[in-house]
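Sequence and predicted structure below; questions after.
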Amino acid sequence: MLFQGFEARDLVVGEVNIHFVQCGDGPPLLLLHGVPQTHVMWHKVAPALAEHFTVIAADLRGQGDSGKPRDAGDHSTYSNRSMAYDQVALMSALGFEDFFVAGHDIGARVAHRMTLDHPERASKVAFLDILPTVELYEHTNRNFALHYWSNFFLAQPPDLPERMIGADPAFYVQRDLFDFVDDDRDKNDVFVEEALAEYIRCLSDSDAIHALCEDARASFSVDYDHDMTDRHKQINCPALVLWGAKGVMERCFDVMDVWQRKASRLSGRALDAGHYLAEEQPDQTIHELLKFFE
């Protein structure tokens with residue numbers, strides 16, 4: 001059973017219900033997942049972190065068992081700004097006015113937006129295997145586009161990706177996950193059966209598929225515009241960046257150089273993994289997060 005000892009909860013914050021699990025009684029630590037996943041992606045690391053922190057692992061709006069509001073037509077419903085607001089409101093509802101936050105993939109972009117829109121709330125932030133939206137798309141080349149195919153596919157106009165994913169959600173989830181794992185690893189060891197079943201269950205919902213696509217469309221429109229406006233804003237709190245030494249970020253970018261332009265108090269390193277650090281290298285991920293947040 002995943003997340004033994006954790007309490008599963010739901011809270012309505014603003015316009016949307018947010019589903020999350022919680023455990024521990026130390027300083028608050030918010031964990032935000034990537035796609036095509038849910039809070040379940042933290043199942044290998046969250047119990048160890050809960051020995052030191054009050055861990056809240058939440059589903060972003062549109063994914064997992066969180067609410068899935070219809071988009072407003074301009075993609076803003078699934079913008080990083082909207083999702084960051086959800087999570088800040090969730091932490092307030094739980095009584096945490098400042099907290100630590102770690103995000104993977106889109107969860108890290110949400111965490112980045114959180115540090116810009118709500119700088120007083122995140123006292124430390126960790127970004128796992130991602131770059132800011134503007135940096136990704138301004139420096140796209142054929143190597144990046146070929147290997148990071150899912151972002152470009154999902155951002156196509158409705159309802160092309162929705163129909164294609166909806167025809168076989170299990171195939172899409174496994175293909176998207178497996179393509180970004182270190183080739184030397186056993187995919188079935190990285191994504192344990194129970195976790196993989198959860199990812200497939202959650203993305204078999206048509207509203208979740210649409211939300212996933214809207215999130216990608218937002219990254220090419222409203223998220224990009226927000227990041228351009230705030231391009232020279234600095235992250236004020238201490239920041240950690242971790243990425244996979246065998247992943248797309250390592251192959252296509254100088255990860256530390258990019259983030260150093262965004263955060264003056266930055267540390268980080270590459271882990272022996274592809275994209276899914278918390279599931280490919282849970283022990284290394286735990287070690288780095290504990291060292292940073294403690």
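Sure thing, it's come through.

neighbours of the closest residue to residue 139 other than its chain neighbours, just the number please.
In this structure, residue 139 finds its nearest non-sequential neighbour in residue 253, 7.0 Å apart by Cβ to Cβ, 6 or more residues apart in numbering. Yep, even glycine has a C-beta here, placed from its N, CA and C like the rest. Look at residue 253: counted by other Cβ atoms under 10 Å, it has 17 neighbours.

Residue 21 now?
Using other Cβ under 10 Å, residue 21 has 23 other residues around it.

Surely it touches residue 5?
No - taking Cβ atoms under 8 Å as the definition, residue 21 is not a contact partner of residue 5, at 9.7 Å.

residues in contact with residue 258?
Counting by Cβ atoms under 8 Å, 6 or more residues apart in numbering, residue 258 makes contact with 131-132, 135.

one more time with 6 Å, if that's ok
By Cβ atoms under 6 Å, 6 or more residues apart in numbering, residue 258 lies in contact with 131, 135.

roughly how far apart are it and residue 129?
To residue 129, residue 258 is 13 Å away according to Cβ to Cβ, to the nearest Å.

Could you do residue 21 as well?
Separation of residue 21 from residue 129 (Cβ to Cβ): 22 Å.

With residue 141 instead?
Distance of residue 141 to residue 129, given as Cβ to Cβ: 19 Å.

Same check on residue 42?
14 Å.

for residue 55, same thing?
According to Cβ to Cβ, residue 55 and residue 129 sit 20 Å apart.

which residues of the stretch 1-150 of the chain fall in strands?
With strands called from DSSP state E, counting those that start in this stretch, the stretch 1-150 of the chain shows them at 7-13, 16-23, 28-32, 54-58, 99-104, 122-128.

Who are the packing partners of the second one?
It refers to strand 16-23. With contacts taken as 3 or more Cβ pairs under 6 Å, 6 or more residues apart in numbering; DSSP states H and E, strand 16-23 sits against strand 7-13, strand 54-58.

Now mean neighbour count too, for the ones you listed, in a markdown table please.
Listed next are these as a markdown table, based on neighbours: other Cβ atoms under 10 Å:
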| stretch | mean neighbour count |
| --- | --- |
| strand 7-13 | 13 |
| strand 54-58 | 26 |
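
Show me the one of those strands that comes nearest residue 204.
Proximity of the helices and strands packed on strand 16-23 to residue 204 was assessed by Cβ to Cβ; the nearest stretch is strand 7-13, lying at 19.6 Å.

what's the angle from that closest one to strand 54-58?
Counting by axes from the mean of the first three to the mean of the last three Cα atoms, to 10 degrees, strand 7-13 lies at 60 degrees to strand 54-58.

quick one: strands adjacent to strand 7-13?
Sheet partners assigned to strand 7-13 using DSSP bridges are listed as strand 16-23 (antiparallel).

residue ranges with poor pLDDT in the stretch 151-294 of the chain?
Residue ranges of the stretch 151-294 of the chain with pLDDT under 70: none are present.

switch the cut-off to 90
Within the stretch 151-294 of the chain, the segments meeting pLDDT under 90 span 182-188, 264, 294.

those strands in it, which residues are they?
239-244, 266-271.

Among those strands, show me which one is buried the most.
Mean neighbour count (mean count of other Cβ atoms under 10 Å) peaks for strand 239-244 among the strands of the stretch 151-294 of the chain, with a mean of 25.

Tell me the gap between that one and the middle of its chain.
13 Å (Cα atoms, centre = their mean, to the nearest Å).
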